[in-house]
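1. How does the following fold in three dimensions:
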Amino acid sequence: MKATERAEILVQALPYIKKYTGKIVVIKYGGNAMINDNLKLQVMEDIVLLRLVGVNVVLVHGGGPEINALMDRLGKKPEFVDGLRVTDQETIDIVQMVLAGKINKSLVSLLETKGGRAVGLSGIDDKLIEAKCKDERLGLVGEITKINPECVYGLLTKNYIPVISTIACGENGEIFNINGDTAAAYIAGALKAERLIMMTDIAGILRDPKDPSTLIPEITVSEAKRLRESGVISGGMIPKSECCIKAITEGVNKVIIMDGRVPHSILIELLTDEGAGTMFLA
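-> You can find the predicted model right below:
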């Protein structure tokens, strides 16, 4: 690519940079983009670039595959009920080690390697995420009762990138496992984020799951409910869409479900005319 073409791309991005400068963007990081090393580096580059041009990025991550891998090595079989991990005391210890330890700190390290300033948090730190037991059948799986975002605001004002792992604290000192999409929706709502980006392994919401050309670029909350009733939104997309709706009702301006397998999909969504995925609007 010629230097003039690169310059033209930067100029085209300027209106979008101005739009998001000083605003909060929450990114729920997961799926194949978290497993594939090349995609992981590109995501980190995107986040650091956004931070350097003045966007307040908050990264919320899960880590289900790595939790399963460690459980397998320890000879413990994962159990799920309605898509949620049954979490006994031994399992929550594993979840805490993987999420708040290995994954969280490796993402902080990658961001810093790419030139960013990052700080790793869990939902336990400063009681960022408070929760109660969601269902006795699930054990230590939490239902969020409160988000205390003061520590996140503090980091953003000092130009850090907060990296948040999704475990929570209970009122009696319990540690709860929290679904990553749900945590991201609540955190984005508490921060009144300009945008919540949900990275997945599909292009977005499709009218025909077998045909990528049937991608729905924008839907309102009411339309999303109708699409669920009609069966267009089904399976694993149901809880994701519910999280998007929750974020909108909590005050997030726009929510996007997009394919994290596309290189630099975050920049395509935020800094170009093209956009990516399905956008939820109030």
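2. now for the longest helix belonging to the chain, which elements pack on it?
-> When the chain is parsed with DSSP state H, its longest helix is helix 3-20. Using 3 or more C-beta pairs under 8 Å, 6 or more residues apart in numbering; DSSP states H and E, the elements in contact with helix 3-20 are helix 265-271. Any C-beta I mention is one placed from the backbone N, CA and C, and that applies to glycine too.
3. Distance from the chain centre to the lowest-mean-pLDDT helix or strand in the chain, please.
-> Between all helices and strands in the chain, the lowest mean by mean pLDDT, DSSP states H and E belongs to helix 32-35, at a mean of 78. When distances are taken as C-alpha atoms, centre = their mean, to the nearest Å, helix 32-35 is centred 12 Å away from the chain's centroid.
4. what does stretch 242-260 give?
-> 10 Å.
5. end to end, how far does that stretch reach?
-> 19 Å (C-alpha to C-alpha, to the nearest Å).
6. ok, now stretch 141-151?
-> 24 Å.
7. Can you give me the distance of the residue at minimal distance from the centre of the chain to Asp46?
-> Residue closest to the average C-alpha location in the chain (C-alpha atoms, centre = their mean): Lys28, at 0.7 Å. Taking C-beta to C-beta, to the nearest Å as the measure, Lys28 falls 14 Å from Asp46.
8. now Pro239
-> Where Asp46 is concerned, Pro239 sits at a distance of 25 Å (C-beta to C-beta).
9. between the two, who's got more neighbours?
-> Asp46 (22 against 15; other C-beta atoms under 10 Å).
10. Any stretches of this protein with poor pLDDT?
-> 1-2, 275 (pLDDT under 70).
11. Show me where the stretch 51-200 of the chain has its helices.
-> Here the stretch 51-200 of the chain has its helices, by DSSP state H, counting those that start in this stretch, at 64-73, 89-96, 104-113, 150-157, 180-191.
12. got the ones you listed as a markdown table, with mean neighbour count and distance to Asp135 columns?
-> As requested, the helices of the stretch 51-200 of the chain are arranged in a markdown table below (neighbours: other C-beta atoms under 10 Å; distance: least, C-beta to C-beta, whole Å):
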| stretch | mean neighbour count | distance to Asp135 |
| --- | --- | --- |
| helix 64-73 | 16 | 18 |
| helix 89-96 | 17 | 15 |
| helix 104-113 | 18 | 26 |
| helix 150-157 | 16 | 28 |
| helix 180-191 | 26 | 14 |
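13. of these, which approaches Gly120 most closely?
-> helix 104-113 (4.3 Å; C-beta to C-beta).
14. now the closest one against helix 64-73, angle please.
-> 130 degrees (axes from the mean of the first three to the mean of the last three C-alpha atoms, to 10 degrees).
15. Need phi/psi at Asp201.
-> phi -110, psi 20 (degrees, to the nearest 10).
16. Setting aside sequence neighbours, what's the nearest residue to it?
-> Nearest residue to Asp201, sequence neighbours excluded (C-beta to C-beta, 6 or more residues apart in numbering): Gly31, at 4.3 Å.
17. sorry, back to before: next, the buried residues of the least confident helix or strand of the chain.
-> By neighbour count on 16 or more other C-beta atoms under 10 Å, the buried set for helix 32-35 is 33-34.
18. Secondary structure element holding the spatially closest residue to Ala224 that is not a sequence neighbour?
-> Nearest non-adjacent residue to Ala224, counting by C-beta to C-beta, 6+ apart: Ser241, 5.4 Å away. Using DSSP states H and E, the element containing Ser241 is helix 237-249.
19. which residues make contact with the helix or strand following that helix from outside it?
-> Next helix or strand after helix 237-249 toward the C-terminus (DSSP H and E): strand 254-259. Contacts to strand 254-259, defined as C-beta atoms under 8 Å, 6 or more residues apart in numbering, come from residues 185, 188, 194-205, 237, 240-241, 244, 247-248, 265, 269, 275-281.
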